[in-house]
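Trainee: generate coordinates for the sequence data below:
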Amino acid sequence: MTKEETSEVEEAQPASEFISPVHEPRKKPMVHPSAQAPLPKDYVFTFFDPNDPACMEILTDPRTTIPELFAIIRQWVPQVQHKIDIIGTEILKRGCHVNDRDGLTDMTLLHYCCKAGAHGVGDPEAALRLSNQLLALGADVSLRSRWTNMNALHYAAYFDVPELIRVLLKGSKPKVLNSTCSDFYHGTALHIAASNLCLGAVKCLLEHGANPTVRVIKFSNILSLGYLRMHLFDKKYSKIML
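Mentor: From the prediction side, this is the model:
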C-alpha cells in the first residue's frame, strides 16, 4: 500500500453505532481487517444461510461487525449471494463508507455486488438493487482491487452480468469503458468477457461503444480470441466484431 493509499485509511467506527445508510460518519474510506464469518451455535452447516432464522438474527444483530459481514459475503454459495442486497444494507447500516474495502480481498461492496450478479450462484436482481443503492451513495466505479487489479466493470464482465454493466456505464462510461486490467494481459472489460465466452456481457459492452480493436499483450486484438466467433451467431454483433 502506497503512502497516498495509507492516508485514506481511517480508524473503524464501533459496530454498535447504527445509522441510516444515507448518512455516513466518515468522509474517507478505510480497509477493514479480515475476520471469520459468524455462525449460530451448534450449527450443522459450514456456510452462512440468511434464510435460517438463527443466521438472520446474527445478520441483523448490531454486535455483528463489518469485517464479519464481509466474511459472510465472501462465501460463494447461493444462500449468501442471493441475499447480497440484504447483507450489503446491513453493512451500510453499521456506518460503512460506500468505498470501504474488505481487508482480505481488497474488494469494495460494489465489487462484491458485481460478482453476486452471476447467474446461478448469484442473483442479478438482488445485485442490481444493491448496486443502485451504492451508486446513489457515491460508490466509485473506477476503484480496483489491489489483488486482481479489477474494477467493478471488469468484475461485471467476468461474471457476465449485463444488467450491472448497463448501470455502471450510465455515469462512468468515459472513465471505465475501455480501462485495462493487468491480470488479463492488460485487456479491457470486453477482452475479459470474450475470453470467458460471456456473450451477454460482450453484446452489452459493444452496444455501449466498447472498442474491439484495442490490442493487448497476448492477443493482437479482440478477434484474436477466435473461438468467440463461432459463438456470436447474431449478425449485428458479428459485424461489429469484424
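Trainee: from here on, contacts and neighbour counts on C-alpha atoms
Mentor: Fine.
Trainee: next one: the top helix by length along the chain to chain centre, how far?
Mentor: The longest helix of the chain (DSSP state H) is helix 162-176. Centroid displacement of helix 162-176 relative to its chain, using CA atoms, centre = their mean, to the nearest Å, is 13 Å.
Trainee: cool, and stretch 181-189?
Mentor: With CA atoms, centre = their mean, you get 17 Å for stretch 181-189.
Trainee: tell me how the chain divides into domains.
Mentor: 25-140, 170-242 (automatic domain parsing).
Trainee: now do the first one, average pLDDT.
Mentor: For domain 25-140, the mean per-residue pLDDT is 96.
Trainee: same check, this time on the shortest one
Mentor: Over the span of domain 170-242, the pLDDT mean works out to 75.
Trainee: in which helix or strand does Leu206 reside?
Mentor: Using DSSP states H and E, Leu206 sits within helix 199-207.
Trainee: give me the angle between that helix and helix 162-176.
Mentor: Here the directions of helix 199-207 and helix 162-176 differ by 40 degrees (axes from the mean of the first three to the mean of the last three CA atoms, to 10 degrees).
Trainee: mind giving me the packing neighbours of helix 199-207?
Mentor: helix 152-158, helix 162-176, helix 189-195, helix 235-241 (3 or more CA pairs under 8 Å, 6 or more residues apart in numbering; DSSP states H and E).
Trainee: return the most buried member of these.
Mentor: helix 152-158 (a mean of 29; mean count of other CA atoms under 10 Å).
Trainee: who's in contact with Phe48?
Mentor: 37-39, 55, 72, 75, 79-80 (CA atoms under 8 Å, 6 or more residues apart in numbering).
Trainee: adding secondary structure, distance to Leu190 and neighbour count, write the residues you listed out as a markdown table.
Mentor: Below are these laid out as a markdown table (DSSP: H, G, I helix; E, B strand; the rest coil; distance: CA to CA, whole Å; neighbours: other CA atoms under 10 Å):
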| residue | secondary structure | distance to Leu190 | neighbour count |
| --- | --- | --- | --- |
| Ala37 | coil | 34 | 19 |
| Pro38 | coil | 37 | 17 |
| Leu39 | coil | 39 | 18 |
| Cys55 | helix | 38 | 19 |
| Ile72 | helix | 30 | 25 |
| Gln75 | coil | 27 | 15 |
| Gln79 | helix | 30 | 17 |
| Val80 | helix | 28 | 24 |
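Trainee: these: which two are farthest apart?
Mentor: Distance extremes for the contacts of Phe48: the farthest pair is Pro38 and Gln79 at 14.9 Å, using CA to CA.
Trainee: now the residue in the chain sticking out farthest from the centre: how far from Cys55?
Mentor: Distance to the chain centre peaks in the chain at Asp42, reaching 31.9 Å (criterion: CA atoms, centre = their mean). Using CA to CA, to the nearest Å, one gets 12 Å for the distance from Asp42 to Cys55.
Trainee: hang on, the earlier thing: so which of the helices and strands packed on helix 199-207 gets nearest Asn132?
Mentor: Short answer: helix 162-176, nearest of the helices and strands packed on helix 199-207 by CA to CA, at 7.6 Å.
Trainee: and the closest one, what does it pack against?
Mentor: helix 124-136, helix 152-158, helix 199-207.
Trainee: format those as CSV; extra columns: distance to Met30.
Mentor: Formatted as CSV, the helices and strands packed on helix 162-176 follow (distance: least, CA to CA, whole Å):
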stretch, distance to Met30
helix 124-136, 16
helix 152-158, 18
helix 199-207, 31
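Trainee: if you compare these, which one is most tucked away?
Mentor: helix 152-158 (a mean of 29).
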